[in-house]
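> Could you look at this predicted model? Sequence included:
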Amino acid sequence: MQIRISWPAGNITATLDADTPTAQALAKALPLTSSACTWGEEVYFDTGVSVSRETDARQVVEPGTVAFWTDGDALALPYGPTPISRGSECRLASPCNILGNLDGDAGVLATVRDGDPIRVELIDE
């Protein structure tokens with residue numbers, strides 16, 4: 001399953017594992033528009049989707065991971081260290097459900113500004 005994430009300065013696509021309960025719930029809510037928040041080198045935003053934490057949820061992930069923060073009903077898109085990272089790792093606020101990965105250079109997320117409108121939509125395959 002592919003999605004496109006767009007904001008005023010750019011966009012990026014992501015490939016998600018459609019077999020996870022979280023990805024299925026997110027797909028049903030698309031398209032969605034939200035307001036971006038930034039936390040170190042992470043962009044996150046409310047989705048209006050509420051799901052449970054999955055058994056394989058992780059707190060430390062690779063840059064470009066598409067994660068779902070169950071504590072905030074938000075997509076979390078880390079592209080570098082956050083304020084609680086140790087060294088150069090991507091450490092999320094708490095364990096998150098892993099949905100997939102961004103396609104291409106996650107560093108493009110550095111152009112997202114706090115409060116930017118964010119749109120997420122399914123890409124028809």
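Okay, I see it. Values in this document were obtained by computation on a predicted structure and should not be read as measured data.

> Pull the residues that contact the least confident helix or strand in the chain by mean pLDDT.
Within the chain, no helix or strand scores below helix 21-29, which has a mean of 95 by mean pLDDT, DSSP states H and E. Contact with helix 21-29 is made by 1, 16-18, 47-49, 51-52, 54, 68, 75, 97, 99-100, 122, as judged by CB atoms under 8 Å, 6 or more residues apart in numbering. Every C-beta, even on glycine, is put in place using the N, C-alpha and C of the backbone.

> Please name whichever of the residues you listed scores lowest on pLDDT.
For those, the minimum pLDDT belongs to residue 18; the value there is 90.

> Now residue 76: which helix or strand?
In this assignment (DSSP states H and E), residue 76 forms part of strand 74-78.

> got the angle between the helix or strand that that strand is followed by and helix 21-29?
Counting by DSSP H and E, the element after strand 74-78 in chain order, helix or strand, is strand 90-102. Interaxial angle of strand 90-102 relative to helix 21-29 (axes from the mean of the first three to the mean of the last three CA atoms, to 10 degrees): 60 degrees.

> thinking again about what came up before, pull the CA atoms of the least confident helix or strand of the chain into PDB?
Taking C-alpha atoms only, helix 21-29 is exported to PDB below (Å, rounded to 0.1, in the frame of the first residue of the first chain):
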ATOM      1  CA  PRO A  21      -4.300  -3.600  11.800                       C
ATOM      2  CA  THR A  22      -3.000   0.000  12.200                       C
ATOM      3  CA  ALA A  23      -2.300   0.400   8.400                       C
ATOM      4  CA  GLN A  24      -5.800  -0.900   7.700                       C
ATOM      5  CA  ALA A  25      -7.400   1.600  10.100                       C
ATOM      6  CA  LEU A  26      -5.300   4.400   8.700                       C
ATOM      7  CA  ALA A  27      -6.300   3.500   5.100                       C
ATOM      8  CA  LYS A  28     -10.000   3.700   6.000                       C
ATOM      9  CA  ALA A  29      -9.400   7.300   7.300                       C
END
